[in-house]
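In: structure for the following, please:
(one chain, ligands or ions: 2)
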Amino acid sequence: MSIHISAKKGEIAKVVLQPGDPLRAKYIAENFLENPRLVSQTRHILYYTGIYKGKEITVGASGMGFPSIGIYSFELYTEYVVDTIIRIGTCGAYTTDLKVFDILNVENAASESTYAKYAWEIEEELLPHQGSIFDVINETAKELSLVTNSTNIHSSDIFYRKNPAIPEIATKYNCPAVEMEAFGLFANAKYLGKNAATILTVSDIIPSGENISADQRETALKPMIELALEAAWKTV
Ligand SMILES: O=P(O)(O)O[C@H]1O[C@H](CO)[C@@H](O)[C@H]1O
Ligand SMILES: O=c1cc[nH]c(=O)[nH]1
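Out: Numbering: from 1, shown residues only. Ligands and ions are numbered 1, 2, ... in the order given. Predicted coordinates for the structure are as follows:
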């Protein structure tokens, strides 16, 4: 049990799939895991542990933004036996070269956030995925004949902003898409010497305004979910 996760020691697996949305965690647990057990519902941030192809996997939410994923990933890494977190999120594309439902495997997350600096004295504004799970995801995607793009992304504190132009940091680091957690997750994993990856499905095309519905954000992410589960399975 930690401050924000009420699971007992032993109730969280070594590998955790982490969507932002608690209801996406519930959907994955109920539709992809055998015998899913709800092991934490503190603040309605749901965590389930169940069996995928004979191995134990946990799926639970991060909430939105660096403060939230900062808390959950830190407690998972330090209070339980977790060595790998795979974030499975949605993102907005800055370019119409990307299409809704495209899948990205995040190579580096660029951010203007002060999270890494003030939490861990990590000064870089570009943080890479941590450990070998990124490569496992790419190998697994090939085996599943699933097209994914390995790319840098912008991790932002901001969803709504006054100026619609692409933020400077996204241009600087060649980021075609934006989300709100990967940089915080990578910072925690780097500081703690753990493994972390982020797979994203494009949910919004910012220049055209095209997007997928709230229901689809919960449930229509099946290829990304299967990719994450297969990659997670290989690490336990
Ligand atoms: O779909 P999730 O994982 O929540 O990720 C994205 O969606 C949320 C914004 O709608 C932010 O958390 C952003 O990072
Ligand atoms: O952070 C995010 C996530 C999805 N779509 C966006 O536009 N931004």
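In: list the residues that contact the residue of the chain found nearest ligand 1.
Out: Nearest residue of the chain to ligand 1: G20, at 2.1 Å (CB to the nearest ligand atom). Every residue, glycine included, has its C-beta placed from N, CA and C. Counting by CB atoms under 8 Å, 6 or more residues apart in numbering, G20 makes contact with A61, S62, G63, M64, I69, G89, T90, M180, E181.
In: quick one: which of the residues you listed sit in strands?
Out: Within those, residues falling in strands by DSSP state E are G89, T90.
In: the contacts of G20 also near ligand 1: which ones?
Out: M64, G89, T90, M180, E181 (CB under 6 Å from any ligand atom).
In: tabulate the residues you listed (a markdown table), appending distance to ligand 2 and pLDDT.
Out: Formatted as a markdown table, the ones next to ligand 1 among the contacts of G20 follow (distance: CB to the nearest ligand atom, whole Å; pLDDT from 0 to 100):
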| residue | distance to ligand 2 | pLDDT |
| --- | --- | --- |
| M64 | 8 | 98 |
| G89 | 7 | 96 |
| T90 | 5 | 95 |
| M180 | 5 | 98 |
| E181 | 9 | 98 |
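In: pLDDT score assigned to the residue nearest to the spatial centre of the chain?
Out: The residue lying closest to the centre of the chain (CA atoms, centre = their mean) is R87, at 1.8 Å. R87 is assigned a predicted lDDT (pLDDT) of 98.
In: Three-state assignment for it, please.
Out: In three-state terms, and counting by DSSP: H, G, I helix; E, B strand; the rest coil, R87 is strand.
In: so what's the closest residue to it other than its chain neighbours up against?
Out: Distance criterion CB to CB, 6 or more residues apart in numbering; nearest residue to R87, sequence neighbours excluded, is T198 at 4.2 Å. Listed by CB under 8 Å, 6+ apart, the contact partners of T198 are 86-89, 105-106, 109, 129, 153, 179, 181-182, 185-186.
In: can I get those residues in TSV with distance to T235?
Out: Shown next, in TSV, are these (distance: CB to CB, whole Å):
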residue	distance to T235
I86	9
R87	15
I88	15
G89	19
N105	15
V106	17
A109	21
H129	14
I153	22
E179	22
E181	20
A182	18
L185	16
F186	17
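In: ChimeraX command for the buried members of those?
Out: Buried subset of those, written as a ChimeraX selection, criterion 16 or more other CB atoms under 10 Å:
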select :86,87,88,89,105,106,109,129,153,179,181,182,185,186
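In: ligand 2: which of the contacts of T198 is nearest?
Out: E179 (4.4 Å).
In: are any of the contacts of G20 buried, and if so which?
Out: Using 16+ other CB under 10 Å, the buried members of those are A61, S62, G63, I69, G89, T90, M180, E181.
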